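Chemist: What follows is a predicted structure for the sequence shown.
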Protein chains: 2
Amino acid sequence: MSIPTTQQAIVVRKLDGPVEDLKIETDFPTPKLVSPVDILVKLHAVALNPVDYKVKKSGMFGHADVSTGRILGYDGAGTIVEVGPEVKNFKVGDEVYYSGLISRPGTFQQFHLVDYRIAALKPKSLSFEDAASLPLTTITAYEAMKEDLRVESGKTILITAGAGGVGSIAIQLAKLWGLTVIATASRPDSVAWVKDLGADHVVNHHNGIAKEFKEQNLPNVDYVFNTFGDKLINDFAPLIKPFGGVVGINGDADESCIKAITSLFPRRIAYLQEFMFGRPLFDVEPERQGALLKEVADLVDAKKIRPTSRPDQKFQWTQIHDAFKKLVDRTTIGKIVISVPQ
Amino acid sequence: MSIPTTQQAIVVRKLDGPVEDLKIETDFPTPKLVSPVDILVKLHAVALNPVDYKVKKSGMFGHADVSTGRILGYDGAGTIVEVGPEVKNFKVGDEVYYSGLISRPGTFQQFHLVDYRIAALKPKSLSFEDAASLPLTTITAYEAMKEDLRVESGKTILITAGAGGVGSIAIQLAKLWGLTVIATASRPDSVAWVKDLGADHVVNHHNGIAKEFKEQNLPNVDYVFNTFGDKLINDFAPLIKPFGGVVGINGDADESCIKAITSLFPRRIAYLQEFMFGRPLFDVEPERQGALLKEVADLVDAKKIRPTSRPDQKFQWTQIHDAFKKLVDRTTIGKIVISVPQ
């Protein structure tokens, strides 16, 4: 195909404003290959993540000045239209899914550049929309549990915000890896969702996790994957077994958490943080993320993992404001996906 | 030998008082086997550790009431005089070294009970005094670096308080495992000591570790083994490479540390705590500590590790107050050992 010089993109040129600051521009320059390991992808679908909201609010990773147009979005699924000279294993026409890098322009555009090492062929059995629901949260959950916590089969894990984007894939991976899963969820539809994904037990964090553990007579856990804010440690810290681990993804612990953090010490519990942009950002084996997505694509095609998108959370390109409002109100279950006009 | 019913012991019956509260009692009951995995050891030498001071000050692990006589001390080296019915691999007459358990009476007595799984035959080439200098700090350093940080050959580690008891053995182990070691030390004799133990670079923490790194043009490190107070993280946090790790042993982080701790997040750095009593206290593979001490005894006999005692820090039993004062004034280099009357 011939690649147009301009394209549609959802652009923000002002931080910390209303969602209406996200504007569809129809003449945004189409990106050109920058690095020899880049692939240019014609996107069919993208997905939203809480990090998009954070970046829009405050800029991050060198994007404090957005006056020239900042493009949000990390998850993407589409078709390769161009490959850099050092790209291996991919060719024009391949259908891929991936999560892009926070220091580069995002996926809310028709054409997008990404380092091939963090991409993989999309699951064959999924639509682009369903495929786009997976990459960022899957990498997060996989790295947090497998690389950071080093979870072992037969152990028990508490996954907080179980119905969230990360929680929804984390529950599935943890079950696949042979763990007993206790998930937090409160609303009836969230509880139903996490049970359907495989959670063995559900606790309502609004009642206090420790209180719920007691009432349901649940055992202490080996691991906590805290996909909620880090301050929740004040509630769950006493529930972790000696030699266990906690991994968070928000990095928002404050002074109120220090006692809970130091309370981990006599039990020799590791306090860990996952940051899914870390590998490509610091160039620490970024290819492991491509391999991880390939492994998960195979699991999806084998019906062992399912996408975390939902029919009621699929939006059209022109509905970006509605989609973003849905993200911000924090009642999302699983992922919000957006179709890209072809 | 026949085991006397009473013995000498250094007993404390009051917390948080002067060092003179430590009193040699000559008619303290000799312990009798409690558990089938206990060995009774006639001690020849013991060693002091900062934890002794902490326990004397505030009681710990169920010993707030010391009115019936609390015995401090964890490190010990001596000869087995009795074995429980389930003890394996040891017999009466074996010479052993070990670190006892914080929840049981300590080693400052002539006869002492310990779970055989956390003991090992002492290095053949060492006196009891030199052997007693090793167990607690060796287990701490080994577990912190090998089990918690999972250090890899070829990487770089910063070891704080390099001339301290834990630092002195940590430097040797890290060098043996193929790491580049940067140690902190400030006084001339401490600097000479850590260099002699193998430290590749020495920085003076009183000048600020970050400042010293800059002045000496030292690279950022993969790991920090912080044997000093946890608040030092405010100084060294920026010096750790992405995907690195920090392990502490004091559990005394406070509100002032939370920003440094959360600053580890975008670099995906693990925040870990070693607690050497953890394995036996929670019964999580305590036999790994016996195996560890055996491995180190072999390394000592092969002249690859040396004891961390010093001629100027060897005390007699009746000098316990002097020994304890030396511990408290924090100018100790390596370990303080005490001979036990036979």
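Modeler: Now that the structure is in, tell me what you want to look at.
Chemist: was I right about A:Ala77 contacting A:Ala131?
Modeler: Yes: between A:Ala77 and A:Ala131 there is a contact under C-beta atoms under 8 Å: 4.0 Å. (C-beta placed from N, C-alpha, C; glycine too.)
Chemist: So which residues on chain A come close to chain B?
Modeler: Neighbours of chain B within chain A, by C-beta under 8 Å from any C-beta of the partner chain: A:148, A:230, A:242-243, A:248, A:251-255, A:257-258, A:261-262, A:264-275, A:278, A:281-282, A:284.
Chemist: that older thread, spell out which residues are contacts of both of A:Ala77 and A:Ala131.
Modeler: A:Ala45, A:Tyr97, A:Lys122 (C-beta atoms under 8 Å, 6 or more residues apart in numbering or on different chains).
Chemist: which one of those residues sits closest to chain B?
Modeler: Closest approach between those and chain B, by C-beta to the nearest C-beta: A:Tyr97, at 22.8 Å.
Chemist: Need the three-state assignment for that closest one.
Modeler: On the three-state scheme (DSSP: H, G, I helix; E, B strand; the rest coil), A:Tyr97 is labelled strand.
Chemist: Which strand residues bridge it?
Modeler: A:Ala77, A:Ala120 (DSSP bridges).
Chemist: What's the local residue count around it?
Modeler: 30 (other C-beta atoms under 10 Å in any protein chain shown).
Chemist: Now do the contacts for it.
Modeler: A:75-77, A:119-123, A:131-132, A:134-135, A:293, A:297.
Chemist: do you know how far it is from A:Val247?
Modeler: Distance check for A:Tyr97 against A:Val247: by C-beta to C-beta, to the nearest Å, it reads 24 Å.
Chemist: and if you look at A:Glu295?
Modeler: 20 Å.
Chemist: Residue in the stretch 1-150 of chain A with the shortest distance to chain B?
Modeler: A:Asp148 (7.3 Å).
Chemist: May I have the residues that are in contact with the closest residue to A:Arg279 other than its chain neighbours?
Modeler: Using C-beta to C-beta, 6 or more residues apart in numbering or on different chains and skipping the chain neighbours, the partner closest in space to A:Arg279 is A:Pro286 (4.7 Å). Counting by C-beta under 8 Å, 6+ apart, A:Pro286 makes contact with A:Asp115, A:Arg117, A:Ile118, A:Arg279, A:Pro280.
Chemist: how about the nearest residue to the third one, chain neighbours excluded?
Modeler: If you skip the residues right next to it in sequence, A:Ile118 has A:Gln289 as its closest partner in space, 4.4 Å away by C-beta to C-beta, 6+ apart.
Chemist: Can you list the residue ranges for helices in the stretch 51-200 of chain A?
Modeler: A:128-132, A:135-142, A:165-176, A:188-197 (DSSP state H, counting those that start in this stretch).
Chemist: residue nearest the centroid of chain A?
Modeler: A:Thr137 (2.4 Å; C-alpha atoms, centre = their mean).
Chemist: Format the contacts of A:Tyr97 as CSV; extra columns: pLDDT.
Modeler: CSV is the format used below for the contacts of A:Tyr97 (pLDDT from 0 to 100):
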residue, pLDDT
A:Asp75, 98
A:Gly76, 98
A:Ala77, 98
A:Ala119, 98
A:Ala120, 98
A:Leu121, 98
A:Lys122, 98
A:Pro123, 98
A:Ala131, 98
A:Ala132, 98
A:Leu134, 98
A:Pro135, 98
A:Leu293, 98
A:Ala297, 98
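Chemist: Which helix runs longest in chain A?
Modeler: helix A:287-301 (DSSP state H).
Chemist: And it, what does it pack against?
Modeler: strand A:95-99, strand A:119-121, helix A:135-142, helix A:278-282 (3 or more C-beta pairs under 8 Å, 6 or more residues apart in numbering or on different chains; DSSP states H and E).
Chemist: Can you add distance to A:Lys195 and give those back as JSON lines?
Modeler: What follows is the helices and strands packed on helix A:287-301, written out as JSON lines (distance: least, C-beta to C-beta, whole Å):
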{"stretch": "strand A:95-99", "distance to A:Lys195": "27"}
{"stretch": "strand A:119-121", "distance to A:Lys195": "29"}
{"stretch": "helix A:135-142", "distance to A:Lys195": "18"}
{"stretch": "helix A:278-282", "distance to A:Lys195": "32"}
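Chemist: out of those, nearest to B:Asn49?
Modeler: Closest approach to B:Asn49 among the helices and strands packed on helix A:287-301 is made by helix A:278-282 (37.1 Å; C-beta to C-beta).
Chemist: Next, the buried residues of the one helix or strand in chain A whose mean pLDDT sits lowest.
Modeler: Across the helices and strands of chain A, mean confidence by mean pLDDT, DSSP states H and E is lowest for helix A:50-58: a mean of 88. Neighbour counts over helix A:50-58 (16 or more other C-beta atoms under 10 Å in any protein chain shown) mark A:Pro50, A:Val51, A:Asp52, A:Tyr53, A:Val55, A:Lys56 as buried.
Chemist: show me the contacts for the closest residue to the fifth one other than its chain neighbours.
Modeler: Leaving out its chain neighbours, the residue that sits closest to A:Val55 by C-beta to C-beta, 6+ apart is A:Leu72, at 5.9 Å. The neighbourhood of A:Leu72, defined by C-beta under 8 Å, 6+ apart, consists of A:Ile10, A:Val12, A:Leu22, A:Asp52, A:Val55, A:Lys56, A:Gly106, A:Phe108.
Chemist: if we go to 6 Å?
Modeler: A:Asp52, A:Val55, A:Lys56, A:Gly106, A:Phe108 (C-beta atoms under 6 Å, 6 or more residues apart in numbering or on different chains).
Chemist: how about A:Val181, what does it touch?
Modeler: A:Ile157, A:Ile171, A:Ala174, A:Lys175, A:Ala199, A:Asp200.
Chemist: typed the wrong thing, it's A:Phe213
Modeler: Counted by C-beta under 6 Å, 6+ apart, A:Phe213 has contacts A:Leu239.
Chemist: Can you report phi and psi for it?
Modeler: Note on A:Phe213: backbone dihedrals following degrees, to the nearest 10 are phi -60, psi -40.
Chemist: where's it relative to A:Asn207, distance?
Modeler: Taking C-beta to C-beta, one finds A:Phe213 at 10 Å from A:Asn207.
Chemist: and what of A:Ser153?
Modeler: 30 Å.
Chemist: of those two, who's got more company?
Modeler: A:Asn207 (12 against 8).
Chemist: quick one, phi/psi of the more buried one?
Modeler: Dihedral angles (degrees, to the nearest 10) for A:Asn207: phi -80, psi -10.
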